[in-house]
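Chemist: Sequence and predicted structure below; questions after.
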Amino acid sequence: MSNPRIPYRLSSARPPLPALDGKRILVHLVVNVENWLFDQPMPRTIVTPPHGRETVPDVPNFSWADYGMRAGLPRILKCFAERGLPASTSINAGVIDAYRPAAEAMRDAGWEFIGHGMHQKATNHVEGGEEALVRASLGILATFTGTRPRGWLSPGLRETVDTPDILKSAGVDYVCDWVVDDRPSWMTTKAGPLIALPYNLEINDSIIYAIERHATGEMAARLGHTLRRFETECRDSAIVLALGLHPHLIAVPHRIHELDRMLDLLMASPQVGFFTGSRLADWFAAAVPAGTELGEG
């Protein structure tokens, strides 16, 4: 079965996208801020339990994530604030109650809030009915921020066959789960067209450090190679470069310098600009109105 939501096309055959604010490499900083439930199995682990027998509560692995919310997130907030960079947070709605000062700090910093389910667990998007959970999550974030979220990133990027239809019907304008191109695409849903924003999996601290378990420095190395390539390719069309970040991974003491290094590398490129998800969605919709690319609608 081919992609049921985004018609196939060669990226090189798509209409070129214009610069945004004079920039042709459009960086989207996405900080994933999550609520791992203490009384349930952890969604990911750094410490393997003795003899492979999972236990609840899982104190060491819960603490791994909890450390990020306590000590890691302030480092990221400071890192962005010192450079005056806009950012988005894909945030579990459960964070509002579990880590309210963290949510307030991101809101006060002007970060865009992107829906990320209720809690961080594998079945997050279907428990109690997927549509009810999506709407409840978006409603909690809207009440907290005063603005209904326009974007969505599913926990683990996991969807059901109905997720895009549900998101669009709930008023979502863009989703970051469909990582099929370096440029946005229009998706087909029963409720109308939905934007798929790029979300680079291979320049993502969760993939690099929690799954592939590389040594510190690998993420910056990959970003450097990607940037050099994009500086060539963006001559033909603007490109989106998303950095997926987690407070318990990139913001530990032996890695936070790597985030500094990556941001400084990006800021040194005359082609790079930093934008939130909503800015990117509006730019794409204006440049390529829904239905104008062959096979979309």
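Modeler: Cool, got the structure. Numbers count the residues shown, from 1 in each chain.
Chemist: Against Pro198, how distant is Arg150?
Modeler: Separation of Arg150 from Pro198 (C-beta to C-beta, to the nearest Å): 16 Å. C-betas here are computed from N, CA, C, even on glycine.
Chemist: thinking Arg183 is in contact with Ala242, fair?
Modeler: No. The pair Arg183 / Ala242 is not scored as a contact, 11.7 Å apart, by C-beta atoms under 8 Å.
Chemist: In terms of neighbours, single out the busier of the two.
Modeler: Higher neighbour count among Arg183 and Ala242: Ala242, with 24 against 21, using other C-beta atoms under 10 Å.
Chemist: Spatially nearest residue to the more buried one (excluding sequence neighbours)?
Modeler: Distances taken as C-beta to C-beta, 6 or more residues apart in numbering place His28 nearest to Ala242, at 4.3 Å, with adjacent residues excluded.
Chemist: burial of that neighbour, as a residue count?
Modeler: For His28, using other C-beta under 10 Å, the count is 25.
Chemist: For it, what is the enclosing helix or strand?
Modeler: His28 is part of strand 25-33, with elements assigned from DSSP states H and E.
Chemist: and after that strand, which helix or strand comes next?
Modeler: Where DSSP H and E defines the elements, the next helix or strand beyond strand 25-33 is helix 59-67.
Chemist: can you give me how far that following helix is from the chain middle?
Modeler: Distance of helix 59-67 from its chain centroid, counting by C-alpha atoms, centre = their mean, to the nearest Å, is 21 Å.
Chemist: How about stretch 77-94?
Modeler: In terms of C-alpha atoms, centre = their mean, the centre of stretch 77-94 is found 11 Å from the chain centre.
Chemist: And that stretch, what's buried?
Modeler: Neighbour-count burial for stretch 77-94, counted by 16 or more other C-beta atoms under 10 Å, picks out 77, 79-80, 86-94.
Chemist: out of those, which one sits closest to Met187?
Modeler: Ser90 (17.8 Å; C-beta to C-beta).
Chemist: quick one: strands adjacent to the helix or strand encompassing that closest one?
Modeler: Assigned by DSSP H and E, Ser90 falls within strand 88-91. Sheet partners assigned to strand 88-91 using DSSP bridges are listed as strand 25-33 (parallel), strand 112-115 (parallel).
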